[in-house]
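**Q** Structure, please.
(one chain, ligands or ions: 3)
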Amino acid sequence: MTRTIWPEAELLGIARSFDLPGTPRGVRPLGSGHINDTFRVVSGRGPRTFSHILQRLNTNVFANPEAVMANIARVTEHVRASLVAEGRTDVARRCLSLVPSRDGKAFFRDATGGAWRVYEEIRGALSVDRVENLGQAREAARAFSGFSRRLSDLPVSALSETIPAFHDTRSRFAAFLAALQQDPVGRARETASEIEAFAKREPLAACLEDPLARGLIERQAAHNDTKVNNILFDATSGEALAVVDLDTVMPGLFLHDFGDLVRSAANSAREDETEPSKAVLSEPVFSALVEGTLEGLGRPLRDAERGLLVSSAMVLTFELGLRFLTDYLLGDTYFRTNRQGQNLDRARVHLSLLMSMEDRRDALEAAVEKASVDALAFDVSGERRGR
Ligand code: ADP
Ligand code: GN1
Ligand code: MG
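**A** Ligands and ions are numbered 1, 2, ... in the order given. Reported below is the predicted structural model:
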């Protein structure tokens with residue numbers, strides 16, 4: 001999928017359909033997401049200016065925008081209530097707030113059926129595509145697991161599964177095999193070595209699904225897209241403020257969120273690096289992610305979860321690599337690309353990252369063990385967790 005260029009006048013017209021405090025005056029693209037279109041809208045009333053985030057949902061991916069928006073409304077209300085109960089004074093900076101359309105709806109349908117929504121902008125905040133230091137990695141992990149903690153008392157039945165089987169690695173593998181068999185754009189031959197490398201790792205697809213089926217781990221409200229650029233950091237202090245990009249919030253596993261964060265934040269290379277061997281797992285970042293996760297979660301890991309932390313990083317890396325390769329085989333119809341071969345590069349990067357996790361497995365397991373022991377000692381000493 002290539003990026004759609006939206007004329008500013010059209011975007012301003014759409015922004016005017018929302019209940020903004022001023023008249024929309026300017027719109028600029030924002031972010032580097034692969035699915036939706038995101039913009040910053042500046043509006044004004046007299047000398048005052050206001051900024052909002054305008055987004056167009058990709059309805060090929062999110063077929064039921066009503067359900068997506070209902071999930072987001074439910075989750076943001078829940079997180080907000082949890083922040084208020086904690087006595088936070090800066091709740092508006094720590095949780096997304098939807099701005100309704102002028103007719104009181106959570107989103108606006110344009111004449112062509114496109115679904116748009118608006119959030120209040122969280123000011124003085126920034127996101128990063130790649131972590132810049134260990135403190136940032138720890139903060140990001142603490143924010144995502146804190147999000148999970150705040151949602152832990154929301155029944156999974158309160159949320160709709162807006163993309164069925166989203167992190168069901170076995171069905172992702174089946175989709176890969178189907179794409180391979182169809183080979184609609186004739187790319188299977190040139191990717192034979194990648195195909196073989198992914199195919200031989202098929203057992204990874206059962207690593208989380210089997211314990212789930214056996215009741216060892218449970219589904220809960222999960223974010224499901226824990227890329228590091230889905231965290232807003234305070235631009236001055238560097239503290240992680242808010243979790244954004246809530247479209248995929250739905251039933252899932254805590255381990256999906258942890259594994260996806262590792263594949264995103266602990267990758268030493270860009271997600272679409274053209275030299276895939278640069279993509280290796282950073283052990284220090286991995287340790288910082290485990291530590292931050294334990295801090296934010298506010299409870300000790302269950303034995304089954306702890307035993308699967310490293311596996312979850314491998315599964316999510318495998319799964320996303322497989323999804324990129326599948327999309328490449330199908331002719332780049334799902335993830336946004338801005339150059340030829342980008343999805344293949346992304347698949348190769350994830351393969352290289354996965355191989356480096358395989359090489360480092362013992363060290364990663366040891367890092368999990370160490371962080372768990374340290375966190376326990378921290379608890380016993382009476383310090384508060386889950387801030
Ligand atoms: P996508 O990644 O699907 O394009 P996101 O919801 O992640 O969409 O938004 C893209 C980027 O816009 C984020 O990484 C963040 O930098 C910024 N952003 C999103 N929501 C807000 C907000 N409410 N306030 C400030 N910045 C935001
Ligand atoms: C997509 O939209 P964005 O860029 O936040 C994708 C995620 C992938 C991610 C990889 C709905 O997320 O699953 O992990 O790209 N989102 C969807 O960068 O498929
Ligand atoms: Mg995003």
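
**Q** Can you list the buried residues in stretch 10-29?
**A** Neighbour counts using 16 or more other C-beta atoms under 10 Å place 11, 12, 14, 15, 17, 18, 20, 24, 26, 27 of stretch 10-29 among the buried residues. Any C-beta I mention is one placed from the backbone N, CA and C, and that applies to glycine too.

**Q** Could you find the closest non-adjacent residue to the fourth one?
**A** This points to residue 15. Once flanking residues are discounted, residue 15 sits nearest to residue 24: 3.9 Å by C-beta to C-beta, 6 or more residues apart in numbering.

**Q** so the one you found is in which element?
**A** Residue 24 is part of strand 23-29, with elements assigned from DSSP states H and E.

**Q** before we move on, back to that, farthest-separated two in the buried residues of stretch 10-29?
**A** In terms of C-beta to C-beta, the buried residues of stretch 10-29 reach their longest pairwise distance at 17 and 26, which sit 16.7 Å apart.

**Q** who's in contact with residue 372?
**A** 294, 300, 301, 306 (C-beta atoms under 8 Å, 6 or more residues apart in numbering).

**Q** need those in CSV with distance to ligand 3, can you?
**A** CSV is the format used below for the contacts of residue 372 (distance: C-beta to the ion, whole Å):
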residue, distance to ligand 3
294, 25
300, 30
301, 27
306, 28
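
**Q** out of these, who has the most neighbours?
**A** Of all the contacts of residue 372, residue 294 has the most neighbours under the rule other C-beta atoms under 10 Å, reaching 26 neighbours.

**Q** for that one, what are its contacts?
**A** Residue 294 sits next to 145, 300, 301, 371, 372, 375, 385 when contact means C-beta under 8 Å, 6+ apart.

**Q** same question for the helix or strand hosting it, mean pLDDT?
**A** Following DSSP H and E, one finds residue 294 within helix 283-297. The pLDDT scores in helix 283-297 average 97.

**Q** Toward the C-terminus, what is the element adjacent to that helix?
**A** That would be, after helix 283-297 and using DSSP H and E, helix 303-329.

**Q** Beyond that next one, next helix or strand please.
**A** Assigned by DSSP H and E, the successor of helix 303-329 is helix 342-359.

**Q** what's that next one packed up against?
**A** Applying 3 or more C-beta pairs under 8 Å, 6 or more residues apart in numbering; DSSP states H and E, we find helix 342-359 packed against helix 192-199, helix 303-329.

**Q** so of those helices, which one's packed in deepest?
**A** Mean neighbour count (mean count of other C-beta atoms under 10 Å) peaks for helix 303-329 among the helices and strands packed on helix 342-359, with a mean of 23.

**Q** Just want the angle from that one to helix 283-297.
**A** With axes from the mean of the first three to the mean of the last three C-alpha atoms, to 10 degrees applied, the angle from helix 303-329 to helix 283-297 works out at 120 degrees.

**Q** mind checking how far helix 303-329 is from the chain centre?
**A** Centroid separation for helix 303-329 versus its chain: 13 Å, with C-alpha atoms, centre = their mean, to the nearest Å.
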